[in-house]
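**Q** okay, here's the prediction I keep looking at, along with the sequence it came from:
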Amino acid sequence: MSDAAEQIFATLKQSSQSGAPLYLQLRKSIEDAVNRGLIGPGDALPSERDIASKADISRVTVRKAVQDLVKGGILVQRHGSGTFVAPRMERVEQSLSLLTSFTEDMARRGMAVRSTWLDRGLYAPSPDEMMVLGLSSNELVARVARLRIANDTPLAIERASLSASVLPDPDGIGSSLYAALQLIGNRPVRAVQRISAANLGESDARLLEVPSGSAGLHIERISYLASGKVIEFTRSIYRGDAYDFVAELRLTGPGDEGRS
Ligand code: GLP
């Protein structure tokens with residue numbers, strides 16, 4: 001058994017006199033081991049059976065402590081491979097004044113980007129899509145929904161809608177939507193982005209590998225061609241623990257008041 005596992009049990013033995021329920025004592029021992037760096041991000045926790053037999057407690061008790069720590073985001077469980085200390089997120093600082101793509105943003109930071117497809121296809125537009133994209137009810141909308149992953153950490157869920165006349169084959173966009181739009185001369189040149197706080201629902205949280213209810217950022221981007229035509233309507237959910245959006249502010253000079 002690893003030193004870290006030994007340490008968990010040593011702390012557990014020390015606290016066994018405290019009278020607190022066993023699963024709380026075990027939870028605290030594991031949490032302490034993580035906080036003191038005895039087990040680090042990505043390290044595997046000993047199996048439920050090993051912990052139970054070594055600490056001489058039932059597996060139900062171990063499971064309860066571990067589940068609590070998974071809910072709290074301290075541990076993560078990967079089906080089939082076990083329980084691990086949650087990876088610590090390196091926060092991404094994102095400028096709010098540049099109209100860049102996810103692929104470009106991550107590549108600039110030297111991060112490896114990939115996406116998992118959640119949906120792509122042509123659909124009848126929703127009322128929102130009709131309004132923002134200026135579509136009539138007999139036109140189609142192209143939807144591209146992806147889980148965006150950088151350095152193997154899922155960072156965002158992005159659901160983009162574009163007119164089917166611009167993107168008749170959403171299957172063919174490759175790894176970057178903006179690169180695909182650039183190729184057909186339709187890369188946006190301006191965008192309005194709205195950011196609001198959101199608590200992640202069960203299914204979004206599962207995709208982003210964070211506990212349900214975690215803080216997230218809901219981001220809506222409407223982007224335009226030079227002609228003023230709306231080209232993209234994207235709704236995204238970003239992990240709140242992964243992103244800092246940064247805006248540069250300037251004092252307006254005399255006579256500039258009221259300008260935005
Ligand atoms: C950002 C924006 C999205 C945009 C996407 C394109 O993440 N929030 O609105 O659709 O970039 O990224 P890519 O070209 O990598 O597909």
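**A** Here it is on my side, so go on.
**Q** in the stretch 151-260 of the chain, which spans are strands?
**A** For the stretch 151-260 of the chain, applying DSSP state E, counting those that start in this stretch gives strands covering 153-163, 190-199, 215-224, 230-239, 243-246.
**Q** reformat those as CSV; add mean pLDDT and mean neighbour count.
**A** In this view, the C-beta of every residue, glycine as well, is placed from N, C-alpha and C. Output for the strands of the stretch 151-260 of the chain, formatted as CSV (pLDDT from 0 to 100; neighbours: other CB atoms under 10 Å):
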stretch, mean pLDDT, mean neighbour count
strand 153-163, 95, 21
strand 190-199, 95, 12
strand 215-224, 96, 18
strand 230-239, 96, 21
strand 243-246, 84, 13
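**Q** with distance to the ligand added, can I get those strands in CSV?
**A** As requested, the strands of the stretch 151-260 of the chain are arranged in CSV below (distance: least, CB to the nearest ligand atom, whole Å):
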stretch, distance to the ligand
strand 153-163, 5
strand 190-199, 7
strand 215-224, 4
strand 230-239, 3
strand 243-246, 11
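**Q** centroid residue for the protein?
**A** The centre of the chain sits closest to Leu155, judged by CA atoms, centre = their mean, with a distance of 3.2 Å.
**Q** that one touches Val92, doesn't it?
**A** Yes: if you go by CB atoms under 8 Å, Leu155 and Val92 touch, sitting 7.2 Å apart.
**Q** between the two, which contacts overlap?
**A** Common contacts of Leu155 and Val92 (CB atoms under 8 Å, 6 or more residues apart in numbering): 242-243.
**Q** quick one: which helix or strand includes Gln25?
**A** Taking DSSP states H and E as the definition, one finds Gln25 inside helix 22-35.
**Q** list the buried residues for the following helix or strand past that helix?
**A** Using DSSP H and E, the helix or strand that follows helix 22-35 in sequence is helix 48-55. Within helix 48-55, the residues scored as buried using 16 or more other CB atoms under 10 Å are 48, 51-52, 55.
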